[in-house]
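Trainee: Give me a model of this one.
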Amino acid sequence: QQVAKALESKFGEPRKAALTWRPQNTVAVDDEVGEKLLKLIDSLNEHDDVQNVYANFEVSDALVEKMSG
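Mentor: Modelled structure (predicted):
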């Protein structure tokens with residue numbers, strides 16, 4: 001609470017605030033596994049009942065670019 005109050009007094013009230021879960025440990029995966037995981041996350045995000053999806057894996061930038069294009 002003290003940090004939030006200090007930031008608010010310095011910068012003003014936030015327009016938006018949200019909690020985000022970030023992993024303490026990540027796991028690097030190869031492109032084959034990464035592609036499957038990215039497809040799974042995409043499918044989960046499209047489901048109406050899913051609000052947020054969190055993961056702790058790392059994939060190459062090239063794979064992310066390939067999958068998003």
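Trainee: can you list contacts of the helix ranked longest in the chain?
Mentor: Using DSSP state H, we find that the single longest helix of the chain is helix 31-46. Residues outside helix 31-46 that contact it (CB atoms under 8 Å, 6 or more residues apart in numbering): Val29, Val50, Val53, Ala55, Phe57, Val59, Ser60, Ala62, Leu63, Val64, Met67. All C-beta atoms are positioned from the backbone trio N, CA, C, and that covers glycine.
Trainee: swap in stretch 48-61?
Mentor: By CB under 8 Å, 6+ apart, the list of residues contacting stretch 48-61 reads 21, 23, 25-29, 31, 33-34, 37-38, 41, 44-45.
Trainee: Mind doing that once more with 6 Å?
Mentor: By CB atoms under 6 Å, 6 or more residues apart in numbering, the residues outside stretch 48-61 that reach it are Trp21, Pro23, Thr26, Val27, Ala28, Val29, Gly34, Leu37, Ile41, Leu44, Asn45.
Trainee: which of these are buried?
Mentor: Buried members of the contacts of stretch 48-61, counted by 16 or more other CB atoms under 10 Å: Val29, Gly34.
Trainee: what two of the contacts of stretch 48-61 are the furthest from one another?
Mentor: Spanning the widest gap among the contacts of stretch 48-61 are Ala28 and Asn45, at 22.2 Å by CB to CB.
Trainee: re earlier: continuing past the longest helix of the chain, what's the next helix or strand?
Mentor: Heading C-terminal from helix 31-46, the first helix or strand you meet, by DSSP states H and E, is strand 57-58.
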